[in-house]
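Asker: missing the sequence, but the structure's below:
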């Protein structure tokens, strides 16, 4: 019988792919459960497997107590008096557990059925745990399986040791599978649920694209070529940014392969999805230009505070840069992490003319200049009154058509205007009862302080309590989101929010 038990344990372990010790432990639990049915459920029965003999030993454990009045004493089935214990073991003391051997039990029909149920349950739990540990380690990898069935557009896949689930929303729109078809997918998620591990597959995850290239391109597998970023519109188009760790290896060429053989393998697996392979660059401007391929970029203007970049393209490149339904620019933005605005050269020129015109009109109005003089200032790069007021005199006099007298007069007018504006702002702030500490916040101009005060925010605590979006609405386009966040943080520090 003992030899048969060991053989059964080893066979179960092999079939279920779990350690032999787990099966032995399950058998010990089964025998313990059956023993309690015979000797009493209240008894503390210990079952141990003797590896050499292949037999299960039964022992009843009883705790040693001083006398029957000792706290917790429940009777002779679970406790043993010290005097009785020392007859069996002279060194016994209170608190010890003494093991007394029990005769092996003969399994009747009911006991055998109970033992079998316990073994099956334990083995099933061990098998589930083994499968979970195996697949949680494989999360983020590709697996191959067979389609078992398709229900309501959801696909159930047999992976061999486990069953997996490919939801409808994780399938490519062109795909149709039938039972028995082979399928390759990305392990998107592994959940430990009551019924056993639930393995969620995906064929739309962006991470699937690099895994496929890793299989097709030895340079990626070896770490010579590295995929730095991925953006994907599943079933339609993907962009991957690659770089080489070896100056002698072209990363784009390695991924494309001879006559496109390598990239074609990925395209075929993804049911014809278009793959754009671009070279990664640490320079954001270069990276954005590469990401917008195949469109050609003429010029870029970067706003690092807002992580926004304006891209200027030729008229005939506009539709190519934007892509069908905005797909190309959307994927390029996702790939680079920059917000991308695309305009044509003509639109950029019109915008620049409009901006220059607005600055010139302000100079004409506030400095009492004619259009020719104001335009000359703008063309020389002057955009604010502060620049005119405080630029070195010789620089201003060096403008074509200006002399030292004109330059001095321009500076005087600009400074008078700035002083007049400052006095008006102070009067307006006083009339609105603005907390003086608000004017101390770096980044807020007097115009912004007044605009905020006119919305009812006149005290420092009120400003500190605003959200970023609320303050952005009040100050308009004068500050970026990051600048507004810094202003609010300053206000909270100045108001003492972070003090003990």
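Answerer: Structure received. Source: prediction; values computed, not measured.
Asker: For residue 81, grab phi and psi.
Answerer: Backbone geometry at residue 81, expressed as degrees, to the nearest 10, gives phi -70, psi 150.
Asker: Residue 69 is in contact with that one, correct?
Answerer: No - Residue 81 lies out of contact with residue 69 (C-beta atoms under 8 Å); the separation is 10.7 Å. For the C-beta atoms, the positions are set from N, CA and C on the backbone; glycine is no exception.
Asker: Now do stretch 246-264: distance from first to last residue.
Answerer: For stretch 246-264, the first-to-last residue distance is 24 Å (C-alpha to C-alpha, to the nearest Å).
Asker: Also stretch 38-55?
Answerer: The first-to-last residue distance of stretch 38-55 comes to 19 Å (C-alpha to C-alpha).
Asker: Sort out which residues of the helix or strand where residue 33 lies are buried, please.
Answerer: Using DSSP states H and E, the element containing residue 33 is helix 20-39. Across helix 20-39, burial judged by 16 or more other C-beta atoms under 10 Å covers 22-35, 38-39.
Asker: returning to that earlier point: which one of residue 81 and residue 69 has more residues nearby?
Answerer: residue 81 (18 against 7; other C-beta atoms under 10 Å).
Asker: Now do the contacts for residue 341.
Answerer: Residues near residue 341 by C-beta atoms under 8 Å, 6 or more residues apart in numbering: 308, 309, 310, 311.
Asker: Most neighbours among those residues, please name it.
Answerer: Going by other C-beta under 10 Å, residue 311 tops the contacts of residue 341 with 25 neighbours.
Asker: And the protein, what are its domain boundaries?
Answerer: If you go by automatic domain parsing, the domain ranges for the chain are 2-129, 138-202, 432-500.
Asker: Arrange those domains in CSV, one row each, with distance to residue 251 as further columns.
Answerer: Shown next, in CSV, are these (distance: least, C-beta to C-beta, whole Å):
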stretch, distance to residue 251
domain 2-129, 40
domain 138-202, 22
domain 432-500, 33
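Asker: Can you tell me which of these is nearest to residue 315?
Answerer: Among those, domain 432-500 comes nearest to residue 315, with 27.6 Å by C-beta to C-beta.
Asker: picking that back up, with distance to residue 401 and mean pLDDT added, can I get the domains of the chain in TSV?
Answerer: Rendered in TSV, the data for the domains of the chain read as follows (distance: least, C-beta to C-beta, whole Å; pLDDT from 0 to 100):
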stretch	distance to residue 401	mean pLDDT
domain 2-129	86	72
domain 138-202	66	89
domain 432-500	32	86
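Asker: Okay, helices next: where are they in the stretch 351-500 of the chain?
Answerer: When assigned using DSSP state H, counting those that start in this stretch, the helices of the stretch 351-500 of the chain occupy the ranges 371-379, 385-390, 393-397, 404-431, 446-454, 460-464, 468-475, 481-494.
Asker: wait, which of the ones you listed is closest to residue 440?
Answerer: Among the helices of the stretch 351-500 of the chain, if distance is taken as C-beta to C-beta, the winner is helix 481-494, at 7.1 Å.
Asker: Any buried residues in that closest one, and which?
Answerer: Neighbour counts over helix 481-494 (16+ other C-beta under 10 Å) mark 483, 484, 487, 488, 490, 491, 492, 494 as buried.
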